[in-house]
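Asks: Give me coordinates for this.
(chains A and B)
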Amino acid sequence: MVNLTLIIAIPLLMSFTMPIFKMLNQKLPKVIALLTTAFNLLVLTANFSQIMDSAIIIELGGWQAPLAINLYVGPLALLAAFLINGSAFILSIYNLTQDYKFDDKFYLLFLMITAGASGMVMTGDLFNLFVFIEITSIAAYSLTAFAGRDSYEASFKYLVIGGIGSVFMLLGIGFTYSAVGSLNLAEIAASAGLINPLLLQITALLFLIGVGIEAELFPLNFWVPDLYTEAPTAVSGIMSGAVSAAGIYALARIFFTLFPAQSFLNYLLYLGAITLILGELIAYQQKNIKRMLAYSSLAQMGLIVAVISLGTEGAVRAGLFQLVNHSILKILLFISAGVLISAAGSKNIDDLAGLGSKKKTAAFGFTIAAMGILGVPFLNGFISKFMIISSSLNADQFLLTVLILLAAVIEIAYYLKVVQKLYFEDLKIEVKKTAVITIPVVLLTLMIFGLGIYPQLIADPLEKAAAELINNGSYIMTVLGGM
Amino acid sequence: MLTNYIFIPIAAAFIAYILNKRNRKAGAVITALVSAYLLLSLTALYGRWDITQSFNLSLMGYKIDFLLAVNPLSWLFAVMTAAISILIALFSINSQENFKFSSVFNLNFLIIIGSMIGIVFARDFLTLFIFWELMTWTSFYLISAGKKKMAGRAAYRYIILSAGAAYAFLMAAIFIFQQTGSFAFDSAAEFLVANSPAQSIMLLLVISLPFIVKAGIFPLHIWVKDAHGNAPKEFSPFLSGMMLKIGIYGMIVVFYQLSFFKIIENTIAYRGLPLLSYLFALLGAVTIITGTILAIRQEDMKKLVAYSSISQMGYIIIGIAIATPLGFSGSMLHLMNHLIFKSTIFLALAAVIYRTGTTKMYEMGGLIFRMPLTFAAYLTAIIALAGIPPTNGFISKWVIYQALIEKGYLFLAIAAFFGSIASFMYVFKPLSTVFLGQLKPQHQNIKEVPLLMKIPMLILILVIVLFGVFPGIQMNIINQISGYLGIETVNYTLYSIQGANGAWNSLLIFNIFSAGFIIALLLFSFAKKSKLVGLLDTYSSGEYITDAESYHYAYQYYRPFDRLFDNLAAKSLTDFYETLTKNLVRSGEGLRRALAAGKLQNYALYSVLLFVILAAVGWII
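Replies: As a prediction, this is how the structure comes out:
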């Protein structure tokens, strides 16, 4: 067993020493980023079987649970951490072929996002959660601006909205502390029943808005399209693959473990459903491919939130599986689209016509990921779609099911438009030289097929993660049990 | 092992794709070999209706059984799939030399073959759905590979209709799964019969949606014309001949195996037929009429034949919906025969396109002189389509008429007769404009197609006549299917079928027709030969003729008839669906403008507003 704190500590260390690495060798930052994320994955893998047995709790500084900040790594956190670090790893491979202008700073921030998001999912303390959200967002604000002039506006928008989110979040933390007298998640969860209902209601809403911004919920998500459109591809990828996953994790943690009440889940259910249908409707008429992917991401986030907040164990499992699939598929979509865009020199979907015969890997990656999202049999999206429909029907949410399927039809419409353009139309533009993305495409495709043909691969973690979310008593017990 | 029939083609698909990149002909050869293997091994399966295969899987907490089994019905469909695939693959060995997407074609074609066999062997909803989706997706890519622009749009329409219907199907299937704990057809049928009839009927109607779409039944037929008309020329025979039929297969499953007919047995009836069945039959009748009228108007020969397919599907639906022994047998006969003669027509047209490169009828003419075998194939096939003895098309239509007259369904019979007579008009149009008349100057030097493309057409001609004379071969398997589904069987011998008012003896008719043919042949050979004159050698009141083309009218061939239906045809359903999608786009754009117009201060406001609103909601509740 390797100490899990390293997952946060090593990326932070590497990120702040990045300028030194840069001085040693121009190429070094890329490699360091890759190695760090690979190291994180190794640490997680080393701890895998033990976490599956029972959650690991690390008390920082040697103090016991309610007194000091503790890390809590159960199956859910493990799943989320795998998603985050896996995304970062794949994108680091992709980054090997990319040249950024200030690459030491880029990788500094990139590792900071990884550390921040990993911290978000591993921490057992509310204020610590806030700190990690801030670390993640601040790194994300700056990373967005790496794509030159056009991205400044997007970065600024995110900064402002993210700032507002922090205010809400901080207020919520203040209220919670005043009511409970502790910031430890387990402690709050244990005494949440004693809080004045009105105060609880207000506090929960403050969190909903604060964290809802990270989880890209309607109507707090309008910064997302700008960001995904203008930011560098790797940043769009990590935002939709890792940061939004961490956001969902935080949302789930707060509304399942901290304040488990059906009324809050209902808010999330409706917000998620609105996000889903709105995202799909707007994505359908986008001409800019990255913007289309951004709205599609929004919609998927809405779907995941809606499904998870159905609150049954099957639904949570379905939602989490969809989250995993979404991370895999969206990263593949973003990096393939990035290559296609730089080959065409334009983000307009019409300009991508005929690129399928020139940029084979990227076009293949895009197609397979699109088909995964659309739920073609033997790809991962099929299983999660089946689980989602099944669990939402099981929860007697007939209308939601219809809505989800309607959204899926719209999704088919706009993804296939691009796929048809890529393969079945004539080339109109001069193809520019682009980076090679064979390795990430192959890796992600293997994952798509692997999960599609043999979903049992992650059945166990999913089941345990869902159980952990549903049953907050065991969370409280494991953390505070020693008292 | 039943899975072999499904996964061997799918595995071969990838091999074909890779090899075809090296050699243009490899893909089609592999397809032909695999289909031949399938056909042979399926023949060995004949009569062994007890073979089943199942897999248990605990998938993410759901206990799921995947069931496969053979029965006469699925065997017939599997054999039809394999047989037509061999012919198409043989045909496409030569015809794809200039086809840009030939690797994609063979990859997807083989996957479709495998997934169709999967569909017909499936005994539970999930297996059916998985292969159904696989078939839909791969055929989407196949249709997209056709003519530029239009094929893309057609495929797009096709996939959206299919996907919407398939999702509805999935929802209903999962609903049943939650009640019964199993996806199997048998337990679903038990549940549906025991359940309240209204809900069962709703569920079954939703379940039949994807089949209605695939079979191109009115009002979900709008994808058929463009998809069949613009798909790659080698795929159209399969699309029209086989994939429409898989929709019918699904309908039969819904009607009999999921006991739709049993559930509606005691509902309101019209002339002894439950109203819902009658409605299905009416849909069939409307499909016949719209398909026929629209076929007559087409200037593009592939689209014309596509509409004709729609109208022929109407016959099959009528026969199945009225659910008499004769009706069912007639439908099954017509289903097989339509596969045979429609593939012949599409292959003949593919041969024409292969040589001329166009599908517009008014750009062709006189090809009988250059492509006699193609002409013969086309002629035989349209004789069958129009239902003239001694071809197979007559017999199946005759049985369907018998069924309709027996029960006295006047309107249905009129629609069927109308479709039959009017089909003369549309099938004659390509015959006259493409093959007869004057040869266009640009087509002076074209030749008959190569041998490998002739063989499939020859085989099909022989089969048309064979089944025209010996319908008993088909009746054998049909009676087994009827027995399996619990329908009374129809009396038959090798060359006769017992109808409601009298029997049909095809051998007798064949002999009479042969005698007539021989007499005509004798007269033709002994009579004075006609003299061929040049195109410019004609009576012209002293004017000079310089343009040879003007004597062969092919554009707007049936204008007076079309004028009758102009108003009807203008009210296109396609427009309705297009407006629907346009409004969808517009609403998306409107929402974006209203909400996400890029004003940062608004975004900030939203978060506060959301807080206030939710707090208010929480306060009130």
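
Asks: Mind listing what's buried along stretch B:356-372?
Replies: Across stretch B:356-372, burial judged by 16 or more other Cβ atoms under 10 Å in any protein chain shown covers B:356, B:358-359, B:361-368, B:370-371. Every residue, glycine included, has its C-beta placed from N, CA and C.

Asks: what mean pLDDT would you report for it?
Replies: Average pLDDT, stretch B:356-372: 78.

Asks: tell me, how many neighbours does the closest residue to B:Ala376 other than its chain neighbours end up with?
Replies: Spatial nearest neighbour of B:Ala376, chain neighbours left out: B:Ile461 (6.6 Å); criterion: Cβ to Cβ, 6 or more residues apart in numbering or on different chains. When neighbours are counted by other Cβ atoms under 10 Å in any protein chain shown, B:Ile461 registers 23.

Asks: which non-adjacent residue is nearest the residue of the stretch 251-400 of chain A found nearest chain B?
Replies: Closest contact between the stretch 251-400 of chain A and chain B, by Cβ to the nearest Cβ, is at A:Leu281 (3.8 Å). Distances taken as Cβ to Cβ, 6+ apart put B:Gly588 closest to A:Leu281, at 3.8 Å, once the chain neighbours are dropped.

Asks: ok, that neighbour touching A:Ile277?
Replies: No: B:Gly588 is beyond contact range of A:Ile277, at 10.0 Å (criterion: Cβ atoms under 8 Å).

Asks: which ones are touching the residue of the stretch 251-400 of chain A closest to chain B?
Replies: A:Leu281 is in contact with A:410, B:584, B:587-588, B:591, counting by Cβ atoms under 8 Å, 6 or more residues apart in numbering or on different chains.

Asks: Could you dump these into CSV and include pLDDT and secondary structure?
Replies: Output for these, formatted as CSV (pLDDT from 0 to 100; DSSP: H, G, I helix; E, B strand; the rest coil):
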residue, pLDDT, secondary structure
A:Ile410, 88, helix
B:Leu584, 77, helix
B:Ser587, 79, helix
B:Gly588, 76, helix
B:Leu591, 78, helix
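
Asks: And the buried ones among those residues, selectable in ChimeraX?
Replies: Restricted to buried positions by 16+ other Cβ under 10 Å, the ChimeraX selection for the contacts of A:Leu281 reads:
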select /A:410 /B:584,588
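
Asks: Serialize the contacts of A:Leu281 to a markdown table and add fields for distance to B:Phe260.
Replies: Below are the contacts of A:Leu281 laid out as a markdown table (distance: Cβ to Cβ, whole Å):
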| residue | distance to B:Phe260 |
| --- | --- |
| A:Ile410 | 31 |
| B:Leu584 | 32 |
| B:Ser587 | 36 |
| B:Gly588 | 38 |
| B:Leu591 | 40 |
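
Asks: follow-up on the earlier one: tell me the one of the buried residues of stretch B:356-372 nearest chain A?
Replies: Using Cβ to the nearest Cβ, these come closest to chain A at B:Thr359, 18.0 Å.

Asks: Phi and psi next, for the closest one.
Replies: Backbone torsions for B:Thr359, taken as degrees, to the nearest 10, come to phi -120, psi 0.

Asks: can I assume it is in contact with B:Met301?
Replies: Yes: contact criterion Cβ under 8 Å: B:Thr359 and B:Met301 qualify, at 5.6 Å.

Asks: So for these two, which residues contact both of them?
Replies: Joint contacts of B:Thr359 and B:Met301 (Cβ under 8 Å, 6+ apart) are B:Leu349.

Asks: and the gap between A:Phe127 and A:Glu134?
Replies: 11 Å (Cβ to Cβ, to the nearest Å).

Asks: Ok, B:Leu279 next?
Replies: B:Leu279 sits 63 Å away from A:Glu134, going by Cβ to Cβ.

Asks: Likewise for A:Leu379?
Replies: 37 Å.

Asks: who's more crowded, those two?
Replies: Ranked by neighbour count (other Cβ under 10 Å), A:Leu379 and A:Glu134 place A:Leu379 first, with 22 against 17.

Asks: Looking at the backbone only, give me phi and psi for the more buried one.
Replies: According to degrees, to the nearest 10, A:Leu379 has phi -110, psi 160.

Asks: Does it touch A:Met371 like I think?
Replies: Yes: at 5.8 Å, A:Leu379 counts as touching A:Met371 under the criterion of Cβ under 8 Å.

Asks: which residues does the residue nearest to the spatial centre of chain A contact?
Replies: Nearest residue to the geometric centre of chain A (Cα atoms, centre = their mean): A:Ala245, 2.4 Å. Going by Cβ under 8 Å, 6+ apart, A:Ala245 touches A:80, A:83-84, A:87, A:117, A:323, A:327.

Asks: Work out for me the element it sits within.
Replies: Here A:Ala245 sits within helix A:244-252, counting by DSSP states H and E.

Asks: low-confidence ranges in the chain?
Replies: Here I'm looking at chain A. Along chain A, segments meeting pLDDT under 70 span A:1, A:61-67, A:481-483.

Asks: was after chain B, sorry
Replies: For chain B (pLDDT under 70), the answer is B:148, B:533-540, B:545-556, B:566-572, B:598, B:621.

Asks: Pull up the residues of the stretch 201-350 of chain A that are close to chain B.
Replies: Contact residues (Cβ under 8 Å from any Cβ of the partner chain) of the stretch 201-350 of chain A with chain B: A:201-202, A:205-206, A:208-209, A:212-213, A:219-220, A:222-223, A:225-226, A:263, A:267, A:278, A:281-285, A:314, A:317, A:321.

Asks: ok, of those residues, which come out buried?
Replies: Buried among those by 16+ other Cβ under 10 Å: A:201-202, A:205-206, A:208-209, A:212-213, A:219-220, A:222-223, A:225-226, A:267, A:278, A:281-285, A:314, A:317, A:321.

Asks: tell me the contacts of residue 207?
Replies: In the absence of a named chain, this looks at chain A. A:168-169, A:172, A:254-255, A:258-259.

Asks: that's the other chain; I wanted chain B
Replies: Counting by Cβ under 8 Å, 6+ apart, B:Ile207 touches B:169, B:172-173, B:254, B:258.

Asks: Which of those ranks first by neighbour count?
Replies: Busiest of the contacts of B:Ile207 [other Cβ under 10 Å] is B:Leu258, holding 25 neighbours.

Asks: if you skip the residues just before and after it, what's nearest to that residue?
Replies: Of all residues not flanking B:Leu258 in the chain, B:Ala189 sits nearest, at 5.2 Å (Cβ to Cβ, 6+ apart).

Asks: what's the helix or strand for that neighbour?
Replies: Residue-wise, B:Ala189 maps onto helix B:185-194 under DSSP H and E.

Asks: ranges for the helices of the stretch 51-200 of chain A?
Replies: A:75-95, A:103-122, A:126-144, A:149-180, A:185-191, A:197-214 (DSSP state H, counting those that start in this stretch).

Asks: Would you check that A:Thr176 makes contact with A:Ile188?
Replies: Yes: at 6.0 Å, A:Thr176 counts as touching A:Ile188 under the criterion of Cβ under 8 Å.

Asks: Could you name every residue contacting both of these two?
Replies: A:Leu126.

Asks: Test my guess that B:Phe261 contacts B:Thr324.
Replies: No: using Cβ under 8 Å, B:Phe261 is not in contact with B:Thr324; the gap is 11.6 Å.

Asks: about what we covered before: what element comes up after the helix holding B:Ala189 heading to the C-terminus?
Replies: Past helix B:185-194, the next helix or strand by DSSP H and E is helix B:197-215.

Asks: For the helix or strand following that next one, what is the distance to the chain centroid?
Replies: Heading C-terminal from helix B:197-215, the first helix or strand you meet, by DSSP H and E, is helix B:222-230. Relative to its chain's centre, helix B:222-230 lies at 11 Å (Cα atoms, centre = their mean, to the nearest Å).
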